[in-house]
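> Got a predicted model here, sequence first, then my questions.
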Amino acid sequence: RKEYVDLYVNYMFNKSVQKPFEDFMQGFLRGCPARNWKMFFPEELQVLLQGQTTFDWHLLEKNVMYGQYKKLDQTIRNFWTVFHKLTEEKKKMFLAFLSGSDRITGYELECFRFWIVDPQVENPDESSPFASTCSLTLFLPR
C-alpha cells in the first residue's frame, strides 16, 4: 500500500504537472531571466512578486496627494476618520478598490502614492466614490 500511495502522490504532484510547469518556466524565464533573480534574498523576491501584506495605514495617509481638496478639508478629515476605524480586511478591500489589488507589489509603502480628487459633480450627495485603478485616483465627492 505504501508503495502505491508513494507512486500516486509522485504522479499527482510531479509527473502530471511536469509538462505544463516546464512550459510555464520556459516562458517565465524568457521574460525574466534567472540571472536577474539571483540578486534577491528569498524574502525580498517574495515581496517583489507577491507584494506587501502588512501596511502602515498612517503612512498611506501621509503620502496621499489631493486634487481640489486640502488635507484639512472636512471631507478629507471625515474620510480618514472612517478609514482608520475600518478593520484590516476592509482597509485591504479599499486598497483593492483603489488599485486593483489588496497588496502593493514591487516597492515599499513609503513609495506608494495615490490621489484623492473631488470629481466636482453637480449633486455630490447623489454620487458615490469611484476609483481609477490605472492612475491610482479616488474620486471622492464632497
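Received it, and whenever you're ready, just let me know what you need.
> CA atoms of stretch 29-48 as PDB?
Extracted C-alpha coordinates of stretch 29-48, given in PDB (Å, rounded to 0.1, in the frame of the first residue of the first chain):
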ATOM      1  CA  LEU A  29      12.500  32.700 -17.800                       C
ATOM      2  CA  ARG A  30      12.200  34.200 -21.300                       C
ATOM      3  CA  GLY A  31      10.700  37.400 -19.900                       C
ATOM      4  CA  CYS A  32      12.500  37.300 -16.600                       C
ATOM      5  CA  PRO A  33      15.900  35.600 -16.900                       C
ATOM      6  CA  ALA A  34      17.100  33.700 -13.900                       C
ATOM      7  CA  ARG A  35      20.300  35.700 -13.600                       C
ATOM      8  CA  ASN A  36      18.100  38.800 -12.700                       C
ATOM      9  CA  TRP A  37      16.600  36.900  -9.700                       C
ATOM     10  CA  LYS A  38      19.800  35.900  -8.100                       C
ATOM     11  CA  MET A  39      20.400  39.300  -6.600                       C
ATOM     12  CA  PHE A  40      17.400  38.900  -4.200                       C
ATOM     13  CA  PHE A  41      17.100  37.100  -1.000                       C
ATOM     14  CA  PRO A  42      14.100  34.700  -1.000                       C
ATOM     15  CA  GLU A  43      12.100  37.100   1.300                       C
ATOM     16  CA  GLU A  44      12.800  40.100  -1.000                       C
ATOM     17  CA  LEU A  45      11.800  38.100  -4.100                       C
ATOM     18  CA  GLN A  46       8.500  37.000  -2.400                       C
ATOM     19  CA  VAL A  47       7.600  40.700  -1.600                       C
ATOM     20  CA  LEU A  48       8.600  41.700  -5.100                       C
END
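> List the buried residues for that stretch?
Within stretch 29-48, the residues that qualify as buried are V47, counting by 16 or more other C-beta atoms under 10 Å. Bear in mind the C-beta positions are built from the backbone N, C-alpha and C, glycine included.
> Quick one: mean pLDDT for that stretch?
Mean per-residue pLDDT for stretch 29-48: 78.
> same check, this time on stretch 127-136
On average, stretch 127-136 scores 94.
> Lovely, talk soon.
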